[in-house]
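K.L.:
Take a look and give me a structure for this.
(chains A and B)
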There are 2 protein chains.
Amino acid sequence: MLLSGGLDSTTSAAIARSQGFTLYTLTFDYGQRHRIEIERAAAVARHLEVAQHVVMPVDLRRFGGSALTSDIDVPKARSLTDIGHGIPVTYVPARNTIFLSFALAWAEVLEARDLFIGVNVLDASGYPDCRAEYIAAYERMANLATKAGAEGKRLKIHTPLIAMTKADIIRAGRALGVDYALTTSCYDPAPDGTACGACDACLLRLKGFRESGTRDPIAYRSPASAAT
Amino acid sequence: MLLSGGLDSTTSAAIARSQGFTLYTLTFDYGQRHRIEIERAAAVARHLEVAQHVVMPVDLRRFGGSALTSDIDVPKARSLTDIGHGIPVTYVPARNTIFLSFALAWAEVLEARDLFIGVNVLDASGYPDCRAEYIAAYERMANLATKAGAEGKRLKIHTPLIAMTKADIIRAGRALGVDYALTTSCYDPAPDGTACGACDACLLRLKGFRESGTRDPIAYRSPASAAT
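P.N.:
Down below sits the predicted model:
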């Protein structure tokens, strides 16, 4: 399963574990600004007692083209109503396609037939590679691409969060004992990992906690954000 | 376009050039035994006067599972009749899926809508990710994955060699002025790049040259192979 150390992939992994799956988690070092992700993903992997955790280097900076990997500034929305018009500059070209492809390669080696990815409808508003129809097309392609697929063993891409709101996700994770203090969502954290409280990812996360009726245990740079 | 420095991808690139495309070529350093590929691909890129050539490191060895990237021996067929029963151990898990995903990312950055890959029916006998139905499924997925696709600009994966034999491919390349002395096909070359003349890739290449009625300009370790 793909594990970024964020709220969604962490909850997705906890759900997979609750369903009896043995977890193999994959995190990418793709030159992201928010490198704290990599540390948090390792902490989450330990927390969830995974069988194996791999950090795969992927040099997407060679192609450029995204605020998450190049020198374009991460936009700061002033409110949630600013979010979701078109595809944001934080979109990384073909990111989920590349990430799922590595997961597929590892699954083949492990002879695993179940892949998990924490995409959900909220993200889908801006990122084409988070939509259910994209995941279905990927699964179909994967079953034609692989040795297992060619031998008739069907591979499934699980998206347990696809129809959940952030508040739903947080409630589900809490029920499964997820420690959200280990997670990070911010696109533009301080060097020590403190979240900015103003990027799209922070605003969506804070809204989710607010709506779930629970407190976000992580620290924010902006006191205003933490108080909302 | 994907360019391995082999006979197929080189011919595919020459065909794209003859169709008026500006070429951007992508080679992977994926821990392959046959690392001479990387040098040959760069030489082919210069020969074809590409606009940009990128070598992307991809560490598939972290997952293991193929004779091309791990310590499993490359099998030596004694004749062509030994080839093509099931999926060979030289199959690299999800390789074309990973490679096409990087090409897709670069295409998005370049705003290119045409991807080229040199797959063909001969390879398809053993590798699931060389079949036409796989490529069609990949193209469908790619059009759902990407910003351009989401905006209605269709992306196409070109497979000019898909229905060609090796002899057909060599004839087409010769007609376009391809210098096959620059290419390499061997899965298990000597340190200086000399082809073994005995692996599946060498046998298929030699058969192709024989059937095309032309001489293969590269050197082989086994005099028997060169003479056939």
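K.L.:
Determine the angle, from 0 to 180 degrees, between the lengthiest helix in chain A and helix B:95-110.
P.N.:
Using DSSP state H to define each element, chain A has its longest helix at helix A:95-110. The directions of helix A:95-110 and helix B:95-110 differ by 170 degrees, with axes from the mean of the first three to the mean of the last three CA atoms, to 10 degrees as the criterion.
K.L.:
what about stretch A:21-35, how long is it end to end?
P.N.:
With CA to CA, to the nearest Å as the measure, stretch A:21-35 spans 28 Å from end to end.
K.L.:
if we can go back for a sec, in the helix or strand following the longest helix of chain A, what's buried?
P.N.:
Under the assignment DSSP states H and E, the closest C-terminal helix or strand after helix A:95-110 is strand A:114-116. The neighbour-count check on strand A:114-116 (16 or more other CB atoms under 10 Å in any protein chain shown) flags A:115-116 as buried. Quick note: C-beta positions are derived from backbone N, CA and C, even for glycine.
K.L.:
Does strand A:114-116 reach chain B?
P.N.:
No: figure legend: strand A:114-116 not in contact with chain B (CB under 8 Å from any CB of the partner chain); closest approach 11.2 Å.
K.L.:
avg pLDDT for that strand?
P.N.:
The average pLDDT for strand A:114-116 rounds to 98.
K.L.:
contacting residues around the closest residue to residue A:6 other than its chain neighbours?
P.N.:
If the residues on either side of it in the chain are set aside, residue A:6 comes closest to residue A:185, at 5.0 Å by CB to CB, 6 or more residues apart in numbering or on different chains. Listed by CB atoms under 8 Å, 6 or more residues apart in numbering or on different chains, the contact partners of residue A:185 are A:6-7, A:195, A:201-202, A:204-205.
K.L.:
how about a markdown table for those, with neighbour count added?
P.N.:
Shown next, in a markdown table, are the contacts of residue A:185 (neighbours: other CB atoms under 10 Å in any protein chain shown):
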| residue | neighbour count |
| --- | --- |
| A:6 | 21 |
| A:7 | 27 |
| A:195 | 27 |
| A:201 | 23 |
| A:202 | 25 |
| A:204 | 21 |
| A:205 | 28 |
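K.L.:
sorry, back to before: roughly how far out does the longest helix of chain A sit from the chain middle?
P.N.:
Once both centres are worked out by CA atoms, centre = their mean, to the nearest Å, helix A:95-110 turns out to sit 15 Å from its chain's centre.
K.L.:
ok, and the residue nearest to residue A:6, which helix or strand is that part of?
P.N.:
Under the criterion DSSP H and E, no helix or strand holds residue A:185.
K.L.:
before we move on, back to that, pick the one among the contacts of residue A:185 closest to chain B.
P.N.:
residue A:201 (18.7 Å; CB to the nearest CB).
K.L.:
The closest one contacts residue A:184, correct?
P.N.:
No: using CB atoms under 8 Å, residue A:201 is not in contact with residue A:184; the gap is 9.1 Å.
K.L.:
Tell me the residues that contact both of these two, please.
P.N.:
Taking CB under 8 Å, 6+ apart as the contact criterion, the common neighbours of residue A:201 and residue A:184 are residue A:6.
K.L.:
all helices in chain A, in order from the N-terminus.
P.N.:
Along chain A, counting by DSSP H, helices occupy A:7-18, A:36-47, A:95-110, A:121-124, A:132-145, A:147-150, A:166-175, A:200-212, A:223-227.
K.L.:
what's the least confident stretch among these?
P.N.:
Lowest mean pLDDT of the helices of chain A: helix A:223-227, a mean of 52.
K.L.:
What pLDDT is listed against residue A:189?
P.N.:
Value listed for residue A:189 in the pLDDT field: 88.
K.L.:
That one contacts residue A:198, correct?
P.N.:
No: using CB under 8 Å, residue A:189 makes no contact with residue A:198, being 11.3 Å away.
K.L.:
Touching, residue A:194 and residue A:221? I think so.
P.N.:
Yes: contact criterion CB under 8 Å: residue A:194 and residue A:221 qualify, at 5.1 Å.
K.L.:
and the residue of chain A most remote from its centre, what is it in contact with?
P.N.:
Ranked by distance from the centre of chain A (CA atoms, centre = their mean), the top residue is residue A:151, with 30.7 Å. Counting by CB under 8 Å, 6+ apart, residue A:151 touches no other residue.
K.L.:
Report the inter-axis angle for the longest helix of chain A versus helix A:132-145.
P.N.:
Relative orientation of helix A:95-110 and helix A:132-145, computed by the same axes, to 10 degrees: 40 degrees.
K.L.:
got the buried residues for helix A:95-110?
P.N.:
Applying 16+ other CB under 10 Å to helix A:95-110 flags A:95-110 as buried.
K.L.:
Can you tell me which of the residues you listed is nearest residue B:55?
P.N.:
residue A:98 (16.5 Å; CB to CB).
K.L.:
Apart from its neighbours in sequence, what residue is nearest the closest one?
P.N.:
Computed as CB to CB, 6+ apart, the closest residue to residue A:98 that is not its neighbour in sequence is residue B:101, at 4.3 Å.
K.L.:
Touching, the one you found and residue A:103? I think so.
P.N.:
No: the criterion here is CB under 8 Å, and residue B:101 misses it with residue A:103 at 11.2 Å.
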